[in-house]
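Asker: quick one: sequence plus predicted model below, questions after.
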Amino acid sequence: MRSKLGLDAGLVRSCRAAAARVAAQVAEATAGRTTVAVERTVARMLGVDGVDPHDVPLPNALVDHVADFDGIPRGVAAWVGNAMVQTDRSAPEVAAAVGDGSLALGELPWAEREAVERAVADAHEKTLAAMRARCAERDALREQLGEQPRPHRYVLTATGNVYEDRDHALAVAEAGGDIIAVIRSTAQSLLDYVPYGPTTEGYGGTFATQANFRIMRDALDEWSRANGRYVRLSSFCSGLCMPEIAAMGAAEGLDNMVNDALYGILYRDLNILRTMIDQRVSRAVNGSFGIVINTGEDNYLRTADALEAAPSVVASQFINYFLARDCGVPDEQIALGNSFEIGPSIENGLLYEWAHAQLTRELFPDCPVKYMPPTRHMDGNLFMTHACDTLFNLITVATDQEIQTIGIPTEGIFTPHIHDRVLGMEGSNYVFTAARDLGDEIEFKPGGFIQSRAAEVLRDAHAMLEEIVEIGLFAALERGMFGDVSRSRDTGRGGEGIVEVAEGYLNPLHGAVEAPAGV
Amino acid sequence: MRSKLGLDAGLVRSCRAAAARVAAQVAEATAGRTTVAVERTVARMLGVDGVDPHDVPLPNALVDHVADFDGIPRGVAAWVGNAMVQTDRSAPEVAAAVGDGSLALGELPWAEREAVERAVADAHEKTLAAMRARCAERDALREQLGEQPRPHRYVLTATGNVYEDRDHALAVAEAGGDIIAVIRSTAQSLLDYVPYGPTTEGYGGTFATQANFRIMRDALDEWSRANGRYVRLSSFCSGLCMPEIAAMGAAEGLDNMVNDALYGILYRDLNILRTMIDQRVSRAVNGSFGIVINTGEDNYLRTADALEAAPSVVASQFINYFLARDCGVPDEQIALGNSFEIGPSIENGLLYEWAHAQLTRELFPDCPVKYMPPTRHMDGNLFMTHACDTLFNLITVATDQEIQTIGIPTEGIFTPHIHDRVLGMEGSNYVFTAARDLGDEIEFKPGGFIQSRAAEVLRDAHAMLEEIVEIGLFAALERGMFGDVSRSRDTGRGGEGIVEVAEGYLNPLHGAVEAPAGV
Amino acid sequence: MSSVAGRASLEAVRPYGDHLDDGLVQMSFTLPVDHGPLAREAALALVTQMGLVRPEIVHAKPLTKGYTYFVVFAQCNHTVDCSQLRATSSSTRAMSEEQVDAYVAEHIDRPLVVIGASTGTDTHSVGIDSILNLKGFDGRHGLEAYHWFRAHNLGSQVPNTALLAKAFELRADAILVSQTVTQQGLHLHNLTELVELVEAEGRRRDVLLICGGPRISDELAKELGFDAGFSKGTYPNDVAAFIAQEVAAREGRSADASAAA
Amino acid sequence: MSSVAGRASLEAVRPYGDHLDDGLVQMSFTLPVDHGPLAREAALALVTQMGLVRPEIVHAKPLTKGYTYFVVFAQCNHTVDCSQLRATSSSTRAMSEEQVDAYVAEHIDRPLVVIGASTGTDTHSVGIDSILNLKGFDGRHGLEAYHWFRAHNLGSQVPNTALLAKAFELRADAILVSQTVTQQGLHLHNLTELVELVEAEGRRRDVLLICGGPRISDELAKELGFDAGFSKGTYPNDVAAFIAQEVAAREGRSADASAAA
Ligand code: B12
Ligand code: B12
Ligand SMILES: Cc1ncc(COP(=O)(O)O)c(C=O)c1O
Ligand SMILES: Cc1ncc(COP(=O)(O)O)c(C=O)c1O
């Protein structure tokens, strides 16, 4: 794709270098630490699932049990592996026994390290094989049925009831949607466990559970086969269970995951260090199972001024990008976020949006960038919202965004009713068709409004990155450099779940999935 | 304005030459003829107005009376002037006397020609003075209060009740509208007289009467003064009373008039020759009172395929332009029509629209071109209509159209409800602000889709014009070259109202207002 | 149970927003009242009178002195018993151009004469043209193209009287009227007048009266005394199929006279 | 007579489309029914049950098996007697930041303590921040900036219990709660719980309970047991003015105790 903005290549290189350093600093800061969520993820990767007699998810029962005797520093895997050897049980059986109180891992003598490691490796390999098989199936079906040309429409359902979500998802598919994302109940991010089984009660969204993933994916597979077009499924690797949800997604063959390194910190007040450790494992898992991750820079423009915050979006994109690369996520799986949030009354707002969207596109040529609709300034004037969505659709197709979250007329009021998404899709379909080749057709005036604006934003983003290299990402978060939200490093939810690892810490993820350097 | 399309200047010159010849041919064909409508207009220009005891408008009573004794060939002015001299009455008094049957013009002896001519000239001069004064007032107020930057929003009201129209017009003004056009009742075009007085019952529109003009203009003057922004008023010089309505508009200080040379023929089945004579006088009057005329090429795209018919739009614009120039309408008062009517499902439809709209703009650089919204393909899907209107708004501002008829969400269903126009205006306001300088900012790829399409349309329009010069405009109409509608020269409503003028035909319009050559 | 799609009980159907039976409905209207708290109350009171609950004004906009526009969401607890409903729309078998011609040949065996126009002051002819003219609609021929039909299109702006005179002169089997301008109920007036004229002539039984237009529904047409009404999305063959089967039925010649009953 | 604008009789107000009393209303909703003639009938029947006449379906769209979307226009003959309505919204005098500070100085003469949060699992803090934080909203300072206010903002995702504990500890004059997520009535649940907790403590009279959010109306707030509710377009001074006058009134110190009654 030829550059329309004529960006300063040297400046871009310098931004990348700075962001890479920031990512490296984060890796150091997190080195030698694990979290309860990471350990629960390990348990899941050993095949542990289900709930105990008190409906506590077994991964939690297991990790809590190990934590009770301060065993986490050696890694849950070590204790489970040892029990497998000593009691000749499978990992799931070990967990079940721990769950019903019939087995105390701390009281078993240590078997030979090598045997333990082998037991763990075998169990892990078994789980990996199943996940790989499911994802291979997914890839095959996608390959066989094919998809629509980009931009792909990413559509949210949020009823709270997985069965309603399913019907809503089918309506979206009928209307031409490409990716269904089931938004999560507002409470879930703050839970330090993943609920189990199908759920029918949630607020502002539906709980992400493995059973719900399957119900949705099965319905979409059925529709895809019947209609000869593959429709993707997405969820959220977000909150205190980022890595576990990544594992669940791999098990159920999901296609995309919203997965942002900073969102939980900024908008859920999660502990910085905890989140940094979790996101590495979470993304490592996404990365190795071909799941596309979506970052959330769009959110900054909802809490900070969209014009002033434009450079922070770009700076964050670079950082999110290198944090993802660091744990093995390839470019084609990193969908960097951006959004169309400039106030409708801003003179030449469309030209600013055009510059910003084109900038993201050109800075990350091999990434499937993701573009979000106007929401902050939307209200009960449904037609005004639809007009804004129409120009948003235009910029989306004119700047070759690969993934678009569609806008809906009721965006300013409530989560979509079943027909709202169809109205949004009709608008998107119309504009994408009518303006199909607009991007190729038009050029920006050299040194004009758009080129100058893009250059300005890049320059300021570069300055921010340079500063962040100096002060470090954590201090940057403290100073509220992203979304006007300031978070301090020693507060925030989930900090108690961080554990320093000890000599002989065992974690099978290392290697099998591109595990974070630090672990 | 620099050309974005890189048009072939030679071809443009050749189009203008051909169209000028077509206009000249029309002038020949109509030479030596008048119509009952033209004569009624003469009566109005002598100050005749009001109704007779049977509620027949006096201009009609007078002209019918003269027609009864075959006096039309000498011109109604001659008979009235003679009566003025012989009975020492004013023109209105003469008409009134004729109306109540107390005076028979045919029975009066002829006074000295010179005296008759002077009487007519004086009466005419009196009326002209009043009209000039009213229009000067209009220009002064417009000057004093100022208007918004172009594109000006032209908004239709169509309640059938002038008092409802007035409230609707105020709502439009509040919402930022620049020009109010009261659409006429569906019956009016076919009436060979203009109703008298305020009217409260019409279908699909409100009757154009001089009283209604005043009621609307007064309300708008009041609003304009109160809000420090001048809002214009428009009506329709259309149907069997084209020239009379032009005179009424001058008397009431209207700002714009829809005035198309061919619309009545194509869409009201009016007689070709009759319409050609009427439109010349009608436009001559509009022209000399500073009233901007709007042509109706947009209509072709509602009855013919919008892509195939594009060249016919351009050909017609050239013809309408030269027919207007021929009777003295200056460029800045000729608003040539076009519209955004390509089906929403057409691939790259927006690029076609962009090419067509830019073409009109560049072909008539000194004319305030007028752009109409999508309507033909609109239906009960209000949000789809609004999405189409949003892209229409974008092209309007990006191609510097000077007048825009706004689209409304209910376009596909009914004439606007009071809030529908406000919703349409909000969309137009939004896009015009957000894309204010888009036109300057972007360039079309040289030899790309848009430039090639514009060249193609111009080439085909040129071919059409060449053909029309050969066969003549009337034959072109017979062949259905415009809007896929075919009309034959000797049928059509109002043909009986054409009269060949005789030796000594008297018509004061000649000279005073730039009168058509033929008369 | 909630895990089965299409699980709504047909006996008590309610509007659906994002949950079965949430009853959510969107509404918009203008009240001829100045914008302000009182106008809000009035809007809420009005929606309540409709029997809707929890009305919520999500948008209110002053239009000009004396007028305020509202967008409201509310919950509708009225239910419809779909098991009791029966579609009133004309139950004719759908047929293609060829099938219609074959049907007429077999059951009627004479050409059917149809005459159409856009009546009154209505100049909209695209609709009636697309039904009658050769070109037809959306790639499907108009009745002019049918072997067993004789189609006459008088065009637009045709007075009812002129249409009828011609119809009787041609002994038309069916009269097709198009009405597009509906503002102030103009179409109702034009259509009613036509029926009255035919009845005044005592010829109502001799001819099929069919009307159509973007805002004509079969329900409305029947209410006005027509035999059928057709709206947006109608194809010429739909109309031809109706005429053929109806004529056959009336002449007692149809395979299944019931079909058109 | 029809030549006077704003001529609608306030005793019998009807919706207005393009003519006085035409009663035109637009409506849209989805029915959990397959698209088809029956669904049409159901939609029309539903609108009829609302007491609307001449319902007309202008758009019908199948969404997926078992769901159909409708856009309908109909005529509403219900009327509202505006002369009988009285706006229930809190009738406090509007005041600017300066006026509020002056008012408190004069009538209360001690700093007012207010505490606010976005409660439950609601992470939307922009709303409450714009009321309490220095920066405020749209160029108008938040209560933090007021000389006679002591504003404490606990942020978002705050449990009701935590908010109350802090409120009582600070002897707050007013508790300000923001709720933005309303899906499945989550806000109703959170707000009701807060009122119940305060009442359980027997402290309802000691503190003003105020809530706000895009979908909170003053009517709703009062219905839930709050003293006032504020929605979109609220400015910090609106809230400050209410608190100041209400406190003054309760302490019987206001110039016009009635103002806040
Ligand atoms: C084309 C058009 C025109 C053209 C008409 C040219 C012509 N020769 O037909 C022109 C430009 C002349 C025109 C003028 C006016 N128009 Co006009 N026009 C339209 C437009 C854009 C499209 C209509 C159309 O052709 N549709 C395509 C056809 C194929 O669809 P259809 O008519 O629905 O027909 C289908 C079915 O309904 C059915 N059908 C139709 N008739 C019949 C008859 C029978 C017997 C059967 C079986 C079936 C059938 O079969 C067809 C195929 O499926 C509509 C807007 C819109 N999107 O609908 C406005 C519209 C119809 N016009 C409107 C108005 C008000 C006017 C004017 C009166 C405005 C004015 N005063 O200047 C004028 C004057 C016209 C008059 N006096 O009647 C309004 C009508 C509002 C209302 N409901 O009252 C509309 C809706 C636009 C608007 N929102 O204001 N118009
Ligand atoms: C910003 C935003 C976010 C940000 C919030 C960041 C933050 N720290 O606040 C982020 C990105 C984190 C977010 C996340 C989510 N959001 Co959100 N979000 C919005 C958005 C775009 C703007 C809200 C806003 O800031 N408005 C600006 C402020 C100033 O307006 P306001 O809140 O109305 O406040 C004014 C008045 O209401 C009043 N007021 C408000 N509170 C109070 C309190 C008192 C005491 C008083 C006196 C007055 C008052 O005064 C203010 C000034 O006038 C809206 C869409 C929209 N346009 O509203 C969606 C929206 C609110 N979000 C929504 C949802 C569903 C979510 C999620 C739950 C989705 C998900 N599961 O991922 C998540 C999770 C959030 C959660 N668990 O609560 C929905 C809510 C639907 C509903 N009605 O239930 C909305 C409407 C979008 C949509 N259509 O889906 N969101
Ligand atoms: C980047 C990102 N992560 C996660 C979420 C979902 O929020 P929660 O963590 O509350 O499910 C969002 C929703 O806006 C988001 O943008
Ligand atoms: C060019 C032109 N003239 C006149 C009219 C008005 O039609 P009528 O002559 O029926 O008033 C229109 C409306 O579409 C038009 O486009």
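Answerer: The structure has been received and is ready for your questions. Ligands and ions are numbered 1, 2, ... in the order given.
Asker: A:Asp298: neighbour count?
Answerer: 23 (other Cβ atoms under 10 Å in any protein chain shown). In short, each C-beta sits where N, CA and C put it, glycine included.
Asker: surely it is in contact with A:Glu341?
Answerer: Yes - between A:Asp298 and A:Glu341 a contact is recorded at 7.3 Å, counting by Cβ atoms under 8 Å.
Asker: hey, what's in contact with both of these two?
Answerer: Residues touching both A:Asp298 and A:Glu341 (Cβ atoms under 8 Å, 6 or more residues apart in numbering or on different chains): A:Met372.
Asker: low-confidence ranges in chain C?
Answerer: Within chain C, the stretches with pLDDT under 70 are C:1-7, C:87-91, C:254-261.
Asker: let's go with 80 and repeat that
Answerer: C:1-8, C:86-92, C:253-261 (pLDDT under 80).
Asker: tell me the centre residue of it?
Answerer: C:Ser217 (1.4 Å; Cα atoms, centre = their mean).
Asker: mind listing the strands for chain C?
Answerer: C:24-31, C:52-64, C:67-76, C:112-118, C:149-153, C:174-178, C:208-212, C:228-230 (DSSP state E).
Asker: want to throw those strands into CSV with distance to ligand 2?
Answerer: Compiled in CSV, those are given as follows (distance: least, Cβ to the nearest ligand atom, whole Å):
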stretch, distance to ligand 2
strand C:24-31, 12
strand C:52-64, 10
strand C:67-76, 11
strand C:112-118, 45
strand C:149-153, 51
strand C:174-178, 43
strand C:208-212, 41
strand C:228-230, 40
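Asker: can you tell me if stretch A:156-173 touches chain C.
Answerer: Yes - counting by Cβ under 8 Å from any Cβ of the partner chain, chain C has neighbours in stretch A:156-173: A:Ala158, A:Thr159, A:Gly160, A:Asn161, A:Tyr163, A:Glu164, A:Arg166, A:Asp167, A:His168, A:Leu170.
Asker: now do the contacts for the last one.
Answerer: Residues in contact with A:Leu170 (Cβ under 8 Å, 6+ apart) are A:Ala219, A:Trp223, C:Ala5, D:Thr64, D:Lys65.
Asker: can you rerun that using 10 Å?
Answerer: Residues counted as contacts of A:Leu170 (Cβ atoms under 10 Å, 6 or more residues apart in numbering or on different chains) are A:177, A:180, A:219-220, A:222-223, A:231, A:418, C:5, D:63-67.
Asker: re the thing from before, derive a ChimeraX selection command for the buried subset of the residues of stretch A:156-173 next to chain C.
Answerer: Entered in ChimeraX, the line below selects the buried ones among the residues of stretch A:156-173 next to chain C, by 16 or more other Cβ atoms under 10 Å in any protein chain shown:
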select /A:158,159,160,161,163,164,166,167,168,170
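Asker: of the residues of stretch A:156-173 next to chain C, closest to chain D?
Answerer: A:Leu170 (4.4 Å; Cβ to the nearest Cβ).
Asker: now that closest one, what's its secondary structure?
Answerer: Secondary structure, DSSP: H, G, I helix; E, B strand; the rest coil: A:Leu170 is helix.
Asker: looking at the residues of stretch A:156-173 next to chain C, which are in helices?
Answerer: Cross-referencing the residues of stretch A:156-173 next to chain C against helices under DSSP state H gives A:Tyr163, A:Glu164, A:Arg166, A:Asp167, A:His168, A:Leu170.
Asker: okay, the residues of stretch A:156-173 next to chain C in JSON lines with distance to D:Gln179 next?
Answerer: What follows is the residues of stretch A:156-173 next to chain C, written out as JSON lines (distance: Cβ to Cβ, whole Å):
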{"residue": "A:Ala158", "distance to D:Gln179": "17"}
{"residue": "A:Thr159", "distance to D:Gln179": "19"}
{"residue": "A:Gly160", "distance to D:Gln179": "17"}
{"residue": "A:Asn161", "distance to D:Gln179": "21"}
{"residue": "A:Tyr163", "distance to D:Gln179": "27"}
{"residue": "A:Glu164", "distance to D:Gln179": "23"}
{"residue": "A:Arg166", "distance to D:Gln179": "29"}
{"residue": "A:Asp167", "distance to D:Gln179": "28"}
{"residue": "A:His168", "distance to D:Gln179": "24"}
{"residue": "A:Leu170", "distance to D:Gln179": "32"}
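Asker: which one of the residues of stretch A:156-173 next to chain C is nearest to D:Arg205?
Answerer: Proximity of the residues of stretch A:156-173 next to chain C to D:Arg205 was ranked by Cβ to Cβ; the top entry is A:Gly160 with 36.7 Å.
Asker: ramachandran angles for whatever residue of the stretch 251-400 of chain A ends up closest to ligand 3?
Answerer: Nearest residue of the stretch 251-400 of chain A to ligand 3: A:Gly296, at 2.4 Å (Cβ to the nearest ligand atom). The phi/psi pair for A:Gly296 (degrees, to the nearest 10) reads phi -120, psi 30.
Asker: next up, the contacts around the closest residue to A:Tyr371 other than its chain neighbours.
Answerer: Among residues not flanking A:Tyr371 along the chain, A:Gln401 sits closest, at 3.9 Å (Cβ to Cβ, 6 or more residues apart in numbering or on different chains). Contacts for A:Gln401 (Cβ under 10 Å, 6+ apart) come out as A:150-152, A:335, A:338, A:340, A:357-358, A:360-361, A:368-372, A:395.
Asker: one more: A:Pro92?
Answerer: So A:Pro92 contacts A:Ala43, A:Leu46, A:Gly47, A:Val48, A:Asp49, A:Gly50, A:Leu58, A:Val80, A:Ala123, A:Thr127 (Cβ under 10 Å, 6+ apart).
Asker: between which two of the residues of stretch A:156-173 next to chain C is the distance greatest?
Answerer: Every pair of the residues of stretch A:156-173 next to chain C checked by Cβ to Cβ; the farthest is A:Gly160 and A:Leu170, at 17.4 Å.
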